[in-house]
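Novice: have a look; sequence and predicted model below, questions after that.
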Amino acid sequence: MKQSPRDKKLEEVLRSTRLVAGGFMGTDTRHPIEVIEQDIVELENLGVTTAQLAQRMRELTELAKPRLGNWIDSAFDNLRVKSEDFKGALVCPWPHAGRFDKRITTAERIDTGQKISWSDLNIHMIEQHGFFEGRGAFFRIEPAEIVQILFEGLTESGK
Ligand SMILES: [Zn+2]
């Protein structure tokens with residue numbers, strides 16, 4: 001694929017280990033733009049938009065935040081969340097102004113035992129850039145996996 005100087009610069013930043021340990025691309029050899037395109041197609045095929053996904057992730061993070069370190073029942077049956085804070089902040093590699101608290105939210109499906117974790121920066125990158133990180137990256141989010149955990153077969157419990 002033909003790269004613009006801007007795409008080349010983006011790839012360098014995402015592969016560098018300066019912003020996060022291991023970089024944002026992990027062992028993925030694809031160009032970041034390719035990763036983004038393929039993940040968005042996959043997500044669309046699952047019937048969820050990046051906006052819907054980011055909104056669900058943000059709601060769960062906001063729910064878990066006040067009860068740091070404890071599991072909280074969500075508004076859905078069979079889905080609980082927990083949030084943990086770490087020292088420091090993360091910055092968007094695109095780059096964007098602003099810093100993201102090093103908070104990690106974990107969602108667990110009580111019915112299947114499946115778990116998935118994300119940082120506040122993951123929410124921003126999915127929402128603004130359609131970027132789920134490269135395969136092998138510490139915070140790579142598989143579209144199929146997160147949709148399965150946060151959407152599939154869930155009913156609002158009305159709590
Ligand atoms: Zn950004």
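Specialist: Thanks, I have the structure now.
Novice: Ile72: neighbour count?
Specialist: 14 (other Cβ atoms under 10 Å). In short, each C-beta sits where N, CA and C put it, glycine included.
Novice: who does it bridge with?
Specialist: Val81 (DSSP bridges).
Novice: measure it to Lys9 for me?
Specialist: Counting by Cβ to Cβ, to the nearest Å, the separation of Ile72 from Lys9 is 40 Å.
Novice: again with Arg67
Specialist: Taken as Cβ to Cβ, the span from Arg67 to Lys9 is 41 Å.
Novice: and Glu62, by the same measure?
Specialist: Going from Glu62 to Lys9 by Cβ to Cβ gives 33 Å.
Novice: which pLDDT value belongs to the residue most central in space within the chain?
Specialist: What sits nearest the mean C-alpha location of the chain, by Cα atoms, centre = their mean, is Asn122, with 3.6 Å. Asn122 is assigned 97 on the pLDDT scale.
Novice: so it sits right up against Ile141, yeah?
Specialist: Yes. Between Asn122 and Ile141 there is a contact under Cβ atoms under 8 Å: 6.1 Å.
Novice: which neighbours do the two share?
Specialist: 132-133 (Cβ atoms under 8 Å, 6 or more residues apart in numbering).
Novice: Thr17: neighbour count?
Specialist: If you count neighbours by other Cβ under 10 Å, Thr17 ends up with 9.
Novice: same deal with Ser4?
Specialist: Ser4: 9 neighbours (other Cβ under 10 Å).
Novice: and it, backbone torsions?
Specialist: With angles defined as degrees, to the nearest 10, Ser4 sits at phi -80, psi 160.
Novice: what do you get for Gln114?
Specialist: Residue torsions, per degrees, to the nearest 10, at Gln114 are phi -70, psi 140.
Novice: surely it touches Gln148?
Specialist: Yes. Counting by Cβ under 8 Å, Gln114 touches Gln148, with 7.0 Å between them.
Novice: thinking again about what came up before, in what helix or strand does the residue nearest to the centre of the chain lie?
Specialist: Element membership for Asn122, per DSSP states H and E: helix 120-129.
Novice: who's in contact with that helix?
Specialist: Applying Cβ under 8 Å, 6+ apart, the contact partners of helix 120-129 are 36, 50-51, 53-54, 57-58, 61, 90-92, 94, 96, 100-101, 103, 131-133, 139, 141.
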